[in-house]
Structures are given as C-alpha cells and as structure tokens.
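>>> All I have is the shape, not the residue letters:
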C-alpha cells in the first residue's frame, strides 16, 4: 500500500472553506436557542410585575440584544466561513448582556441566572472540553461580578451549587463533544481512505485490463506465428510462378495471346497472395468489438480458409457439416473467429501424423451448437482439469503461451455461451461451443 500517498491525500481533510450548505445541527441550535431566549424574554418582560422605571432599564439592553442577534445571524449567512469568529464575538457579548440582565433584575435573587446555562451547554459542545471549562470559569466570574454588590445577601451554598452546575454541564457536554468530534474525524478519515483506495483500485483495474489486452494480443500473434512458415511457403510458390510468367513474357514479346494468358496467371497469383496476407493481417490487428448479428457458418468457413496453409502436406483432411439456414448469434465476429482459430490450431497440433478435422454446426433449441472434432492424441485426465487455466500449456517452451483456450472461454462467456470438452487419450477430442441464437423481435400488430 502506498502509505505516503494516502497520508498526503488525507491532509486535505477539514481544510475546505465552509459555506451555507456546510452549517451543522449545532449551528442551527445556536439560532434556535437565541430565538427561544428572545421570545421567552419578551413574554417575561411583558408579564413580570417590575416597576415601570426598572422595566424600561431592562427593555433598552433587551432591544440592543435583539438587534445585535439579528446582525450576528445575518453575518453568519453572508460570511459562513467566518462563523467561528462570529460565535466567539457573540459569546463575549452574550456574557456581558447576561450579567447586565441578572444585575438589573435582582442580582442574586433574580431567576434570570438560569439563562447562563443554555450558552454554556451549546458552546461547550461546540468548542470542546477544555474551552468549555474555560467558558464556565468566565461565566462564573461574570455571575460573581453581577451579584458583587449583594455579598451580604448571598447564600454561599446556593452560589457554590450554581457555579458547580456550570462546570458540571461544561465538562459533560465538552466530553461528549470531544468523543463525537473524534468519531466524526475517524469516519471522515476512513471515508477519505476508502475513496482514495477505490480510485487506486480503479486505476489498478484499468492497468490490469490494459495488460490483459496486451497479453491477449500477444496470444493472437503467437498463434499467427505458428502459421507464418507455411504462409511464407505458400506466398513463395505464386511468386515463383509470377517470375516464370514474367520471364516467358520477356522472351515471347511478339505473341500477344501468350502474353495475355500469362498476365491472367500473374493476376491470379497476386490475388491469392493478397487474400492470404489480408486475411492474416486483418486477424492480427487490434479490433474494437462490434456487437451485431453474426453468421456462424461464414465465420467458420473463413477460419478454415486461414488454416489451409497448415493443412497442406500434413495428411489432415477437413470435413464440414454446416446446417443450412442456421440462426445468427449476437456477438463480435472477429472475437468468435479468434475462438474458432485457437481451437482449430490446437486440433491440428494434436494430429502431427495426420487425421481428420470435422467442423459441425446445428441448431439446438434457442442455441447454436458448434462442434470441432479431431482424431488426434486426445487430452489426459490431469490436463483436462487445467486446459482453460491461463498460461497452462502442454507444448514445449516457445511453442505456446497457454492463453489460447483461457481467452477463448472468456470470449464465449461474454457471448453468454459455454465451451464443453470431451476427450479420450489416443482417440481425439471434441470441443463443443454453445451460443444463444439471436432472438428477433416479433412484428408489431
């Protein structure tokens, strides 16, 4: 695993600038808390029997509190990236207003001392354990200052209990916050790690597919190499004929009919060479799969023609039994030709002393059945279990890659088909390929 790259990718966690969409439930809790405080404060001012003069002194800071609260939340919506700075400023002002309200509404005997707890709860959860404790200390100082001129009225047990509750709430909420933050950070790190590893896995899979494609192409070229000597020999034969025809034409310059005959022979020879080379090069080049209706009989005929060069002087007879009007299959003709080509070449290699190669096609229900039968040496029981394994081969080093049958099986399965093999040593082998027939949609009524 590339640990340095993973660590580098994880360094960006948490550095993203916050936007309005990034506001959390705690942010909305701040807004809700302020709204509740303002609403409850309004009804308290209206319903509580304070003297009119004192009520006026309380209403003025209350209106200022409402005004700055609206401004603060407006700033949050305008500059959400500055939200922590705004919260800190609001917290400072909130503590000042809390002290003023407690002092104006009766000091130590004022019920308003309770409003000091909600900001401690939320800010301790927001800032964490240590800042929460520090906040409790500051809030305690503010409370003490607010009731300082009433020391002679203080009930020290009540005072200590109220301050203790501040620290208890701050410590508890701060601890929960730290644990939640730690768990959240772990989840974020794990998520980013998984995303990074997924990208690396996708990249590795793509590289593996590229390598696989190159290996398959190498297998195709290896099978072509097995025909190269025979093909070169077959090309040399018509070339020799062309040379002889040209020699005759040069000497027999007056006989027009004779020259015409030899020119026709040259054309035929060139055509044979062109067809042989075109077929081989067309098979060898990289091919982008094209899914269409494929005539299996036609593909098999072209494949057998490509092996004609190897069949000559080997004592191998070819027999075909193609069912007429066999249904087409949906697939890629080039890939299917590669399957047939691999299996036929293996069949020819299995008959070094001659024999018979039989190729049959038939319809079997909604499937097309292709059989490639040889009378060669057969496949042993031990080899039968491994012939479709990549790189498994019984040939000598340099004579095969061991990929032909594994690639063929993969291609057939991509076409929703299957390959079955039947063999007995000394009596040959049968490769049975089954492909689903193309189902044509019925004409609309």
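Good, I have the coordinates. Nothing here was measured: the structure is a model prediction, and the numbers come from that model.
>>> Helix, strand, or coil at residue 425?
Counting by DSSP: H, G, I helix; E, B strand; the rest coil, the backbone at residue 425 sits in coil.
>>> quick one: the nearest residue to it once chain neighbours are set aside from residue 371, how far?
Using CB to CB, 6 or more residues apart in numbering and skipping residues adjacent in sequence, the residue nearest residue 425 is residue 378, 4.1 Å away. Using the backbone N, CA and C atoms, a C-beta is placed for each residue, glycine as well. Applying CB to CB, to the nearest Å, the value for residue 378 to residue 371 is 16 Å.
>>> what do you get for residue 425?
Taken as CB to CB, the span from residue 425 to residue 371 is 19 Å.
>>> Would you mind telling me which of these two has more residues around it?
residue 371 (17 against 13; other CB atoms under 10 Å).
>>> my guess is the more buried one meets residue 364, correct?
No - counting by CB atoms under 8 Å, residue 371 stays clear of residue 364, with 10.7 Å between them.
>>> Can you show me the helices along this protein?
All helices of the chain, identified by DSSP state H, fall at 3-10, 25-47, 52-78, 83-104, 117-127, 129-146, 156-251, 256-284, 296-306, 308-311, 333-349, 381-384, 404-414.
>>> Let me have those in CSV, extended by mean pLDDT.
Listed next are the helices of the chain as CSV, based on pLDDT from 0 to 100:
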stretch, mean pLDDT
helix 3-10, 45
helix 25-47, 78
helix 52-78, 80
helix 83-104, 81
helix 117-127, 80
helix 129-146, 86
helix 156-251, 75
helix 256-284, 66
helix 296-306, 86
helix 308-311, 69
helix 333-349, 85
helix 381-384, 78
helix 404-414, 83
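>>> now the ones you listed in CSV, with mean neighbour count and distance to residue 359?
Converted to CSV, those look like this (neighbours: other CB atoms under 10 Å; distance: least, CB to CB, whole Å):
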stretch, mean neighbour count, distance to residue 359
helix 3-10, 12, 53
helix 25-47, 14, 72
helix 52-78, 14, 77
helix 83-104, 18, 77
helix 117-127, 21, 78
helix 129-146, 18, 81
helix 156-251, 14, 17
helix 256-284, 14, 17
helix 296-306, 18, 6
helix 308-311, 17, 12
helix 333-349, 22, 8
helix 381-384, 12, 21
helix 404-414, 20, 15
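>>> With distance to residue 439 as new columns, can those be given to me in TSV?
Listed next are the helices of the chain as TSV, based on distance: least, CB to CB, whole Å:
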stretch	distance to residue 439
helix 3-10	49
helix 25-47	55
helix 52-78	60
helix 83-104	62
helix 117-127	64
helix 129-146	69
helix 156-251	29
helix 256-284	29
helix 296-306	15
helix 308-311	35
helix 333-349	18
helix 381-384	33
helix 404-414	18
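>>> These: which one's closest to residue 322?
Closest to residue 322 of the helices of the chain is helix 296-306 (CB to CB; 4.5 Å).
>>> other SSEs contacting that closest one?
For helix 296-306, the elements it packs on are helix 256-284, strand 316-322, helix 333-349, strand 355-364, strand 367-374, judged by 3 or more CB pairs under 8 Å, 6 or more residues apart in numbering; DSSP states H and E.
>>> hang on, residue 91 packs against residue 135?
Yes - Residue 91 lies in contact with residue 135 (CB under 8 Å); the separation is 7.4 Å.
>>> Any chance you could list residues touching both of these two?
residue 123 (CB atoms under 8 Å, 6 or more residues apart in numbering).
>>> Show me how the protein divides into domains.
Using automatic domain parsing, the domain parsing of the chain gives 3-200, 292-436.
>>> Present those domains as a markdown table; the columns should include distance to residue 260.
Below are the domains of the chain laid out as a markdown table (distance: least, CB to CB, whole Å):
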| stretch | distance to residue 260 |
| --- | --- |
| domain 3-200 | 69 |
| domain 292-436 | 29 |
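>>> out of those, which comes closest to residue 211?
Comparison of the domains of the chain against residue 211 by CB to CB identifies domain 292-436 as nearest, at 12.1 Å.
>>> From the opening residue of the closest one to its closing one, how far?
Criterion CA to CA, to the nearest Å; first-to-last residue distance in domain 292-436 is 13 Å.
>>> switch to numbering from 772
Taking 772 as the first residue, the last one we looked at is domain 1063-1207.
>>> Please work out how many residues are found near the nearest residue to residue 879 once chain neighbours are set aside.
Distances taken as CB to CB, 6+ apart place residue 918 nearest to residue 879, at 4.3 Å, with adjacent residues excluded. A count of nearby residues for residue 918, using other CB under 10 Å, gives 20.
>>> again with residue 884
21.
>>> got a list of what it touches?
873, 914, 933.
>>> how near is it to residue 937?
In terms of CB to CB, residue 884 sits 10 Å off from residue 937.
>>> any common contacting residues for these two?
By CB under 8 Å, 6+ apart, no residue touches both residue 884 and residue 937.
>>> Figure out which of the helices of the chain is closest to residue 1096.
Between residue 1096 and the helices of the chain, the shortest gap by CB to CB is with helix 1067-1077, which sits at 9.5 Å.
>>> tilt between that closest one and strand 1126-1135?
170 degrees (axes from the mean of the first three to the mean of the last three CA atoms, to 10 degrees).
>>> which residues are contacting helix 1067-1077?
By CB under 8 Å, 6+ apart, the residues outside helix 1067-1077 that reach it are 998, 1050-1051, 1054, 1089, 1091, 1093-1094, 1097, 1099-1100, 1104, 1107-1108, 1111-1112, 1115, 1130, 1132, 1139, 1141, 1206.
>>> If anything else comes up later, I'll come back, but that's it for now.
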